[in-house]
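coordinates only, no sequence provided:
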């Protein structure tokens, strides 16, 4: 166990987030050696070819190869793998996740003897693209990283994680996992569902109305952009954040139904009132 | 009536669309003199100050001042003003609207003796901003202009309109007003409602959860952008396009309810199927 290499960082999951983190960490700290793990052999080959990682290793080799392990896989895979990973890593290793939910992840290792070695992080960065080809330098620059339940993490592990996220240009906020999941249901997860369902609605009508999309302007492109996102990544996020997300979704559907009623009544003054209320978003975003 | 000045173009409504058209037409054809009309005196003053128009005139002076009249006002105001405008314009004048609905507008002058002098146009360009300050050069470059019911328009009037839209860089498609309204309900109007209601949903939760917006990433910003749009412009569009829009909205709400049920059941495979179906939008947008 003493053989652990302190200048190695292992990235599990060589997609958009893992790949981009690998690129930025390597470029910020040239002495680092980035080891990659991905269950998809094509992703491994691509990550090598694109210079995202220095070497591909097995999960079995991980425990004595890297001091720091970044978990950049779908949140259901994190919940499954994280306890096993903590079981086998070196007592001084640090495991950091980057998942878009936090409640189920911290619950999965709440009573683990090495709980202190885990840092629950959510770097708020991403695009609608996925896979190693989607990895880009500078993705995290100026963005926010959310650290959750930091009182459960050992001080040295927390310090290392903070340095890494700072080196890729992120600023930080700390909160409990439950608050994280509630907030993100509204400002991220709901947006993705609204966009996926908008895409489906318009694709349906396209079956009868060919070439409808040539009539779309930049407004449609903007609202439907997130419908390009990875289904494999988002399904477990929605399932894990079910409770908060259902509240958000119910409220959204209720507003749509109310607006539909106002359209039916051609009640323009009430429509305008609601839209002017929504216009307040200008002051914020 | 012979006094009509052929190098004058009048723009009624000096907001985003009218202002941007004025800027681009002037810059494409320097001999043009652009006359502005707006019921808001502050918009008139701003349009002069920003060099958007050469002169502000009264609606009463319009009939002998300009050969071409561009109507860039909300669609309810178009339906109200258009018949009166055709009553009083010179027999050779051309009136072109730019509204986001077409059915109610063409119906308002269907039996007018000067129907042939009217061109029903919808340049698909815009931003979430409004008013003369929102006017920008190049807004229409490379974008699509929809001309509706062109068989109802005199050949010379249609030719002039085509030249003007071509000069600001637009390409063209022709269709009947009913198809226009159906298609736009899906690829434009529905997007605006989804975005307005998303804004309301998140602003509501913000009352209890301060600073929630600092957690928002680029995905939320993209889906909520249209919620900044002008309520005065959109309410009459939604009312006029009620029938098609209700179909679109009902289909959208049904998809959201279905997805909500899948989340409740934590049925990830069915969620993934729907999202992968939505991913087809990649091939199009």
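That came through fine. Being a predicted model, the structure only gives us computed values, none of them experimental.

by mean pLDDT, flag the weakest helix or strand of chain A.
The weakest-scoring helix or strand in chain A, judged by mean pLDDT, DSSP states H and E, is helix A:62-65 (a mean of 86).

helix or strand right after it?
Next helix or strand after helix A:62-65 toward the C-terminus (DSSP states H and E): strand A:68-71.

report the rounded mean pLDDT for the helix or strand following that next one.
Note on strand A:68-71: by DSSP H and E, the next helix or strand toward the C-terminus is helix A:75-88. Across helix A:75-88, the average pLDDT comes to 97.

what residues does helix A:75-88 touch?
With C-beta atoms under 8 Å, 6 or more residues apart in numbering or on different chains as the test, helix A:75-88 has contacts from A:12-13, A:62-63, A:69, A:71, A:73, A:95, A:97, A:99-101, A:104-105, A:108-109, A:112, A:114-115, A:117-118, A:236-237, A:239-240, B:268. Every C-beta, even on glycine, is put in place using the N, C-alpha and C of the backbone.

so what strands line up beside the next helix or strand after that helix?
Next along the chain after helix A:75-88, taking DSSP H and E as the criterion, comes strand A:94-97. Using DSSP bridges, the strands paired with strand A:94-97 are strand A:68-71 (parallel), strand A:118-123 (parallel).

average pLDDT for the shortest one, rounded please.
When the per-residue pLDDT values of strand A:68-71 are averaged, the result is 97.

before we move on, the earlier item: can you turn the buried part of the contacts of helix A:75-88 into a PyMOL selection?
Buried members of these, defined by 16 or more other C-beta atoms under 10 Å in any protein chain shown, are picked up in PyMOL with:
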select buried, (chain A and resi 12+13+62+63+69+71+73+95+97+99+100+101+104+105+108+109+114+117+118+236+237+239+240) or (chain B and resi 268)
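
next to chain B, which bits of the stretch 51-200 of chain A? Give me the list.
Residues of the stretch 51-200 of chain A lying close to chain B by C-beta under 8 Å from any C-beta of the partner chain are A:76, A:124-128, A:143-144, A:146, A:173, A:179, A:182-184, A:186-188, A:190-200.

try 7 Å this time
Contact residues, the stretch 51-200 of chain A versus chain B (C-beta under 7 Å from any C-beta of the partner chain): A:124-126, A:144, A:146, A:183-184, A:186-188, A:190-200.

quick one, which of these are buried?
Listed as buried from these are A:124-126, A:144, A:146, A:183-184, A:186-188, A:190-200; burial here means 16+ other C-beta under 10 Å.

keep only those of the residues you listed that are in helices.
Under the assignment DSSP state H, these contribute A:183-184, A:190-200 to helices.

ok so, going back, so what does the least confident helix or strand of chain A touch, helix or strand wise?
Here helix A:62-65 touches strand A:8-12, going by 3 or more C-beta pairs under 7 Å, 6 or more residues apart in numbering or on different chains; DSSP states H and E.

which strands or helices does the strand it packs on pack on?
Identification of packing neighbours for strand A:8-12 by 3+ C-beta pairs under 7 Å, 6+ apart yields helix A:16-28, strand A:33-37, helix A:62-65, strand A:68-71.

what's in contact with that strand?
The contact list for strand A:8-12, computed with C-beta atoms under 7 Å, 6 or more residues apart in numbering or on different chains, reads A:18, A:21-22, A:25, A:32-37, A:53, A:62, A:65-73.

quick one, that strand and helix A:75-88 angle?
Angle, strand A:8-12 to helix A:75-88, by axes from the mean of the first three to the mean of the last three C-alpha atoms, to 10 degrees: 140 degrees.
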